[in-house]
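Participant: Kindly generate the corresponding structure for this input.
(chains A and B)
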Amino acid sequence: SQTIHQWPATLVQPVGSPLSLECTVEGTSNPNLYWYRQAAGRGLQLLFYSVGIGQISSEVPQNLSASRPQDRQFILSSKKLLLSDSGFYLCAWSGGQGAAQYFGPGTRLTVT
Amino acid sequence: QKEVEQNSGPLSVPEGAIASLNCTYSDRGSQSFFWYRQYSGKSPELIMFIYSNGDKEDGRFTAQLNKASQYVSLLIRDSQPSDSATYLCALLMDSSYKLIFGSGTRLLVRP
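Facilitator: Residues are numbered from 1 along each chain as shown, chains lettered A, B, ... in the order given. From the prediction side, this is the model:
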């Protein structure tokens, strides 16, 4: 069966510091991968998605970036965090176009 | 105009009752519809998906889709306190990889 991992689970970072969040998927090949952010009490905001290695589509202009160095690895990064970057970051995978998305456990980021 | 609309709630029902959660959408090109459950502080969990008009049942859950009226519903029979969560409706537009989420409806099941 497929499993999706995210780490770290929680993170507290000062404003201006860098960020790296990692997501890996097991048990499937060539998944579509997604990064979402959920601010406190808000809905899910799609940040990036990837349909293959090195292929990244950005949905929201911001100070975040994403990379997919391997088939089942998706990384979310920032060079300098802002207070507004605080939130619950969720990675998800799907089996292809039209397929359901399955979420990882998430990373709760607090920027201080 | 938002593409997916949900009443934020909370929807409060007594234990054992049927909870009815509704979602309307604006794009007639939408083909696939998903319901996720999200407990406080946790990530969303897929409950059901539906592609065709009509009803789809899975245990205590029934998803209903009416493409002509552009709404999708989730019924939870014999509601339990453990069903208390936020329920997210999402749609997948034709030829797209991206899910469009509603803001969710909070359900409270009273013991």
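Participant: Okay, now the unreliable bits of the chain?
Facilitator: Let's take chain A. For chain A, the stretches flagged by pLDDT under 70 are A:61.
Participant: that's the wrong chain, I meant chain B
Facilitator: For chain B, applying pLDDT under 70 flags the ranges B:1-2, B:94-95.
Participant: How about the residues of it by chain A?
Facilitator: Near chain A, the residues belonging to chain B are B:31-32, B:34, B:36, B:41-46, B:49, B:88, B:92, B:95-99, B:101-104 when assessed by CB under 8 Å from any CB of the partner chain. Where C-beta positions appear, they are placed from N, C-alpha and C, glycine not excepted.
Participant: Could you rerun that using 6 Å?
Facilitator: Within chain B, the residues that sit near chain A (CB under 6 Å from any CB of the partner chain) are B:Ser32, B:Phe34, B:Ser43, B:Pro44, B:Leu46, B:Phe49, B:Tyr97, B:Leu99, B:Phe101, B:Ser103.
Participant: which of these lies closest to A:Asp71?
Facilitator: B:Tyr97 (16.2 Å; CB to CB).
Participant: Give me the three-state assignment for that closest one.
Facilitator: Reduced to three states with DSSP: H, G, I helix; E, B strand; the rest coil, the structure at B:Tyr97 is coil.
Participant: how much space between it and B:Ser84?
Facilitator: Counting by CB to CB, to the nearest Å, the gap between B:Tyr97 and B:Ser84 amounts to 32 Å.
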